[in-house]
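Enquirer: coords please:
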Amino acid sequence: MATVEDLRNALKEVYDPEIPINIVDLGLVYGIEEKEPGKVRVEFTLTSPMCPLGDELAGRIHESLARLGGVTEVEVRLVWEPIWTKEKMTDDGRLQASMLGIG
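Expert: Model prediction:
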């Protein structure tokens, strides 16, 4: 069975479609929980409510987690609170943004 850390690592392979930084380091993932064995729920947000790619990103999140052994069900929820800010980025995310000239 996949651990929460396994789930988080799988999500590091999902990149924001407009910013070349993974969604974990961007701070877009607000919660990962295993509701019961094999059933995973992820709450995420977008960098802007105006971003038209929420469904695409939700699909990528679902695909990434569904591939893991022991995961039988994935629920992906887009949330808007708290609103995303650059302060939610990890140190790695800030470093990547800085190197890309967007931080």
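
Enquirer: where does the protein have low pLDDT?
Expert: 103 (pLDDT under 70).

Enquirer: so where's the longest strand in this structure?
Expert: Taking DSSP state E as the criterion, the chain has its longest strand at strand 29-36.

Enquirer: what angle separates the helix ranked longest in the chain from strand 29-36?
Expert: If you go by DSSP state H, the chain has its longest helix at helix 54-66. Using axes from the mean of the first three to the mean of the last three CA atoms, to 10 degrees, the inter-axis angle of helix 54-66 relative to strand 29-36 is 50 degrees.

Enquirer: output the contacting helices and strands for helix 54-66.
Expert: In this structure, helix 54-66 packs against helix 4-11, strand 39-44, strand 73-78, with contacts taken as 3 or more CB pairs under 8 Å, 6 or more residues apart in numbering; DSSP states H and E. From N, CA and C alone the C-beta is placed, and that goes for glycine too.

Enquirer: kindly format the C-alpha coordinates of the first one as CSV.
Expert: Below are the C-alpha coordinates for helix 4-11, written out as CSV (Å, rounded to 0.1, in the frame of the first residue of the first chain):
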residue,chain,number,x,y,z
VAL,A,4,1.2,9.5,2.2
GLU,A,5,4.8,10.1,1.4
ASP,A,6,4.5,7.8,-1.7
LEU,A,7,1.4,9.8,-2.7
ARG,A,8,3.2,13.1,-2.3
ASN,A,9,6.2,11.9,-4.3
ALA,A,10,3.9,10.8,-7.1
LEU,A,11,2.4,14.2,-7.1
